[in-house]
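Asks: got a predicted structure here, sequence first:
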Amino acid sequence: MQVPGRQRIMIIGQPGAGKSTLARSIGDILQLPVVHIDRIHWQPGWKERPSEEKSALCQEVHQQQEWIFEGGHSKTWPERLHRADTLIWLNFPLSVRAWRVVMRTIKHRGRSRPDLPDNCPEHFNWEFTHWIWSTRNTGRNKMQAFYEAAPDSKEKYQLRSQQEVDQFLHDLTKQTHADK
């Protein structure tokens, strides 16, 4: 059973913030389908989809009645936000995010993570590491501007620590059980 008003949830955050994990947790609580942008962005074998194809796939998701959609392809964010009733921004410090990326790389080394297509084995990637570092401020600033510009009609949550995420999930679980 869903919590009224929570049928389409948009989650944004930089790499390692915990978007996929949070999306799965919320999906379990609210019984909503979860969409990971990495499954749209990548094809098997780490082959990146063309931008137009990614946009079309995102639009297909946006049109569905229920979803938790985590991740980027920011050119489709305005449409996603228009359809969403809830926006969650995971605004974690670089040190936490970098540690999490290292740990997930070790944990899934040689295998595809659950939020990736098959045949995308996790491995250390200098290009990705450099991108995390070089977008640490610009990416955050872009998300902050997007978050702040979101209409007041949307439920908005900015979570800055694992403790805040845990409290959010606890409250959501409690609210969901109270609504039954």
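Replies: Cool, the structure landed. Numbering: from 1, shown residues only.

Asks: tell me the phi and psi of the closest residue to E122 other than its chain neighbours?
Replies: By the measure of CB to CB, 6 or more residues apart in numbering, the closest residue to E122 outside its immediate chain neighbours is H108, 3.8 Å from it. C-beta coordinates here come from the backbone N, C-alpha and C atoms, glycine included. Here is the backbone geometry of H108 (degrees, to the nearest 10): phi -110, psi 10.

Asks: how near is H108 to V102?
Replies: Relative to V102, H108 is positioned 12 Å away (criterion: CB to CB, to the nearest Å).

Asks: compare the two and say which is more crowded by neighbours.
Replies: Set side by side, H108 and V102 show unequal neighbour counts under other CB atoms under 10 Å, the larger going to H108 at 16 against 13.

Asks: go ahead and confirm the more buried one touches C120.
Replies: No - applying CB atoms under 8 Å as the test, H108 and C120 come out as separate, 9.9 Å apart.

Asks: so what touches the helix or strand bottoming out on mean pLDDT in the chain?
Replies: The helix or strand of the chain with the poorest confidence is helix 126-134; it has a mean of 81 (mean pLDDT, DSSP states H and E). Among residues not part of helix 126-134, those counted as contacts by CB atoms under 8 Å, 6 or more residues apart in numbering are 14-16, 94, 97-98, 101.

Asks: most neighbours of all those, which one?
Replies: Neighbour counts for the contacts of helix 126-134 were taken using other CB under 10 Å; the highest belongs to Q14, with 22 neighbours.

Asks: where does the residue nearest to that one when sequence neighbours are not counted fall, phi/psi-wise?
Replies: For Q14, ignoring the flanking residues on the chain, the nearest one in space by CB to CB, 6+ apart is G139 at 5.1 Å. According to degrees, to the nearest 10, the main-chain angles of G139 amount to phi -60, psi -40.

Asks: before we move on, what about V35?
Replies: Backbone dihedrals for V35, given as degrees, to the nearest 10, come out at phi -120, psi 130.

Asks: show me the contacts for the closest residue to it other than its chain neighbours.
Replies: Counting by CB to CB, 6+ apart, F69 is the residue found nearest to V35 once chain neighbours are left out, at 4.6 Å. F69 sits next to 8-11, 23, 35, 37, 58, 61-62, 80, 84 when contact means CB under 8 Å, 6+ apart.

Asks: make JSON lines out of these and add neighbour count, distance to E52 and pLDDT.
Replies: As requested, the contacts of F69 are exported to JSON lines (neighbours: other CB atoms under 10 Å; distance: CB to CB, whole Å; pLDDT from 0 to 100):
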{"residue": "R8", "neighbour count": "21", "distance to E52": "23", "pLDDT": "97"}
{"residue": "I9", "neighbour count": "24", "distance to E52": "26", "pLDDT": "97"}
{"residue": "M10", "neighbour count": "25", "distance to E52": "21", "pLDDT": "97"}
{"residue": "I11", "neighbour count": "26", "distance to E52": "24", "pLDDT": "97"}
{"residue": "A23", "neighbour count": "26", "distance to E52": "25", "pLDDT": "97"}
{"residue": "V35", "neighbour count": "21", "distance to E52": "18", "pLDDT": "96"}
{"residue": "I37", "neighbour count": "24", "distance to E52": "16", "pLDDT": "94"}
{"residue": "C58", "neighbour count": "23", "distance to E52": "11", "pLDDT": "96"}
{"residue": "V61", "neighbour count": "17", "distance to E52": "15", "pLDDT": "96"}
{"residue": "H62", "neighbour count": "19", "distance to E52": "15", "pLDDT": "96"}
{"residue": "R80", "neighbour count": "21", "distance to E52": "17", "pLDDT": "96"}
{"residue": "A84", "neighbour count": "23", "distance to E52": "22", "pLDDT": "97"}
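
Asks: I am finished for the moment; much appreciated.
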